[in-house]
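Q: Just to be clear, the model below is a prediction. Sequence and coordinates:
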Amino acid sequence: MSVSVLSPTRALGGVSGLLQVVSLLGLVLLLLKVAQLYLHRQWLLKALHQFPSPPSHWFYGHKKEFQQESELPLLLKRVEKYPKACARWLWGTSALVSVYDPDYMKMVLGRSDPKPQRTYKYLNSWIGTGLLLLEGQKWFQHRRMLTPAFHYDILKAYVGLMANSVRVMLDKWEELVSQDSHLEIFGHVSLMTLDTIMKCAFSHQGSVQTDRLTPEGCRNHRACQIAHQHTDAVIKERKSHLQKEGELEKERRRRTLDFLDILLFARMENGSSLSDKDLRAEVDTFMFEGHDTTASGISWILYALASHPEHQQRCREEILSLLGDDTSITWDHLDQMPYTTMCIKEALRLYPPIPVIGRELSKPITFPDGRSLPAGILVSLSFYGLHHNPTVWPNPEVFDPSRFAPGSTRHSHAFLPFSGGSRNCIGKQFAMNELKVAVALILLRFELSPDPSRVPVPTPVMVLRSTNGIHLQLRKLSDPGGDKDKL
């Protein structure tokens, strides 16, 4: 039997030929990708030709422009130059349309376009696929299941819990300002809103603000981590309690149900309850949306009032006349502070907690002015741009609570601190209640003024934050209606 032996020369030739084939294949694939990107860019250019924007680099888009200047000031320049919307090129083959006109907002928010997965997918590992990230029929089912958790009968019981959490924070502030009247408030407010959520939504006993207070724990991110570590344990404990013989119906009759109870009791149309995964996702979503966003809202409201002492004092006088010497605040008080509510809304206009959201058009859209976009385009709904649009709000940078005076009129989609349409914030009334409670009790205890050496710089992350924190000077009020003692 003869054995054919492949010579080294032939072997090397075979390998060389294979490498040439692989290289050629790689080149072909590269050329195909380049052609694909080129065609996509041409499609985008055609799709966005009705939406002008500043000149962009063919490869970097507007990236360098936004690297050289802060995001929000640059946005406001575009709002002034392009009053309704403008294109923004992220790269040469990636672009979106930034929208900040109320008519445009109304049209997009009135549809059921999905949120862009490329933008929101990183949230999935953090909060799971809850109401914030769900789409379609499952979102509708969960929304309907969760709506009873925000009925006013349930929200009423939360006002006292909110007030208790605020008082814990204010007691801490008194101790801290006895040493230094300058305080970075965002971290403290974030822990307070986390404490409120734990008490209201999960009937948590104790105080997150004092039970787990570490230097790192003062930070908002750490506060979220602490909350998430306890989610599974809280759910497991409550489920075990409710699964006892006859306990379910007794609980229904015995007390006001909290958010977690309603999740556990809820049933879909087919009679099934939420899976453990869905349950965890809704809990974590509520923790994020009811904690981070509210902390942002309260912090910026306090900064706005600190920067406008005449409005701050008028709010304080209104609250003092309402509550008198008794600092306990109830559900009935919340609708009896019109000027304070006007100031809260004006601060939310200037500093919307959620500055921007996204949609990916599932079908073409034509706006009232005749401009249109095809399916597949990313749309960025800039609430910050909307609230600072001079064609919508004259002198938009001026803090003017009279914009929200009783009887004032405006476009239905000119003011969207809680978004709009069917996917508006399900907890907006919970949030507004907490904002009012916090502002009222803080103003009765402290006089606020800005720290001129550390002016906050708003930046749009998931919520509106400040790159250097929100620093205020606090002065304890010995008598809100009389003299003040400076600490």
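A: Looks like it came in fine.
Q: What count of nearby residues applies to residue 77?
A: Applying other C-beta atoms under 10 Å, we find 12 residues neighbouring residue 77. Yep, even glycine has a C-beta here, placed from its N, CA and C like the rest.
Q: what are the ranges of the strands in this structure?
A: 85-91, 94-99, 182-184, 356-360, 365-366, 372-373, 378-382, 446-450, 458-460, 464-466, 471-476 (DSSP state E).
Q: Adding mean pLDDT, write these out as JSON lines.
A: Below are the strands of the chain laid out as JSON lines (pLDDT from 0 to 100):
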{"stretch": "strand 85-91", "mean pLDDT": "94"}
{"stretch": "strand 94-99", "mean pLDDT": "96"}
{"stretch": "strand 182-184", "mean pLDDT": "92"}
{"stretch": "strand 356-360", "mean pLDDT": "95"}
{"stretch": "strand 365-366", "mean pLDDT": "98"}
{"stretch": "strand 372-373", "mean pLDDT": "98"}
{"stretch": "strand 378-382", "mean pLDDT": "97"}
{"stretch": "strand 446-450", "mean pLDDT": "96"}
{"stretch": "strand 458-460", "mean pLDDT": "94"}
{"stretch": "strand 464-466", "mean pLDDT": "96"}
{"stretch": "strand 471-476", "mean pLDDT": "95"}
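Q: which regions of the stretch 201-350 of the chain lie under the pLDDT threshold?
A: Low-confidence segments of the stretch 201-350 of the chain, defined by pLDDT under 70: 206, 211-257, 266-272, 325-326.
Q: circling back: would you list the strands of the chain in a markdown table and tack on mean neighbour count and distance to residue 201?
A: Shown next, in a markdown table, are these (neighbours: other C-beta atoms under 10 Å; distance: least, C-beta to C-beta, whole Å):
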| stretch | mean neighbour count | distance to residue 201 |
| --- | --- | --- |
| strand 85-91 | 22 | 37 |
| strand 94-99 | 22 | 33 |
| strand 182-184 | 17 | 27 |
| strand 356-360 | 20 | 23 |
| strand 365-366 | 14 | 37 |
| strand 372-373 | 16 | 39 |
| strand 378-382 | 22 | 27 |
| strand 446-450 | 20 | 28 |
| strand 458-460 | 17 | 27 |
| strand 464-466 | 22 | 23 |
| strand 471-476 | 20 | 28 |
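Q: how about these in a markdown table, adding distance to residue 308?
A: Output for the strands of the chain, formatted as a markdown table (distance: least, C-beta to C-beta, whole Å):
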| stretch | distance to residue 308 |
| --- | --- |
| strand 85-91 | 31 |
| strand 94-99 | 29 |
| strand 182-184 | 19 |
| strand 356-360 | 26 |
| strand 365-366 | 39 |
| strand 372-373 | 40 |
| strand 378-382 | 25 |
| strand 446-450 | 10 |
| strand 458-460 | 17 |
| strand 464-466 | 18 |
| strand 471-476 | 13 |
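Q: who wins for proximity to residue 397 among those?
A: strand 458-460 (12.0 Å; C-beta to C-beta).
Q: helices or strands up against the closest one?
A: Here strand 458-460 touches helix 71-81, strand 464-466, going by 3 or more C-beta pairs under 8 Å, 6 or more residues apart in numbering; DSSP states H and E.
Q: So for residue 347, which of the strands of the chain sits nearest?
A: Here strand 464-466 is closest among those (C-beta to C-beta), at 11.2 Å.
Q: mind listing what that closest one pairs with, with the direction of each?
A: Next to strand 464-466 in the sheet, as set by DSSP bridges, lie strand 458-460 (antiparallel).
Q: hmm, who's touching the strand it pairs with?
A: 70, 71, 72, 300, 351, 355, 356, 384, 464, 465, 466, 467 (C-beta atoms under 8 Å, 6 or more residues apart in numbering).
Q: What is the nearest of these to residue 47?
A: Using C-beta to C-beta, the shortest approach to residue 47 within the contacts of strand 458-460 belongs to residue 356, at 20.7 Å.
Q: Who are the contact partners of the nearest residue to residue 367 once chain neighbours are set aside?
A: Nearest non-adjacent residue to residue 367, counting by C-beta to C-beta, 6 or more residues apart in numbering: residue 104, 5.6 Å away. Counting by C-beta under 8 Å, 6+ apart, residue 104 touches 84, 85, 367.
Q: Need the winner for burial among the helices and strands packed on strand 458-460.
A: Comparing these by mean neighbour count (mean count of other C-beta atoms under 10 Å), strand 464-466 ranks first with a mean of 22.
Q: gap between it and the chain center?
A: 10 Å (C-alpha atoms, centre = their mean, to the nearest Å).
Q: Over to stretch 392-412?
A: Its chain's C-alpha centre and that of stretch 392-412 lie 22 Å apart, by C-alpha atoms, centre = their mean.
Q: What are the contacting residues of that stretch?
A: By C-beta under 8 Å, 6+ apart, the surrounding residues in contact with stretch 392-412 are 101-103, 106, 304, 307-308, 311, 338-339, 341-343, 345-347, 349-350, 386-390, 414, 420.
Q: taking those one by one, which sit in helices?
A: Per DSSP state H, helices hold the following members of the contacts of stretch 392-412: 102-103, 106, 304, 307, 311, 338-339, 341-343, 345-347, 349-350, 386-387.
Q: Pull out the buried members of the residues you listed.
A: Neighbour counting with 16 or more other C-beta atoms under 10 Å marks 102, 106, 304, 307, 311, 339, 341-343, 345-347, 349-350, 386-387 as buried within those.
Q: closest to residue 275 among the residues you listed?
A: When those are ranked by distance to residue 275 (C-beta to C-beta), residue 106 comes first, at 35.5 Å.
Q: Now do the spatially closest residue to residue 260 that is not a sequence neighbour against residue 190, distance only.
A: Among residues not flanking residue 260 along the chain, residue 202 sits closest, at 5.0 Å (C-beta to C-beta, 6+ apart). Distance of residue 202 to residue 190, given as C-beta to C-beta, to the nearest Å: 17 Å.
Q: Show me which of these two is the more surrounded one.
A: More neighbours surround residue 190 than the other of residue 202 and residue 190, with 25 against 22 (other C-beta under 10 Å).
Q: Report pLDDT for that one.
A: If you check residue 190, the pLDDT there is 93.
Q: Is it in contact with residue 291, as I believe?
A: Yes - assessed by C-beta atoms under 8 Å, residue 190 is found in contact with residue 291 at 7.1 Å.
Q: For residue 87, list each beta-bridge partner.
A: residue 97.
Q: these two touch, right, it and residue 95?
A: Yes - proximity of residue 87 to residue 95 meets the contact threshold set by C-beta under 8 Å, at 5.8 Å.
Q: residues shared between the contacts of those two?
A: Common contact partners of residue 87 and residue 95 (C-beta under 8 Å, 6+ apart): residue 48.
Q: Can you get me a residue count around residue 21?
A: Residue 21 has 10 neighbours, counted by other C-beta under 10 Å.
Q: Which pLDDT does the model give it?
A: Looking at residue 21, the pLDDT reads 81.
Q: same question, residue 139
A: Residue 139 is assigned a pLDDT of 80 by the prediction.
Q: Can you give me the neighbour number for it?
A: Residue 139 has 19 neighbours, counted by other C-beta under 10 Å.
Q: Same question for residue 363.
A: Residue crowding around residue 363 was assessed by other C-beta under 10 Å; the count is 10.
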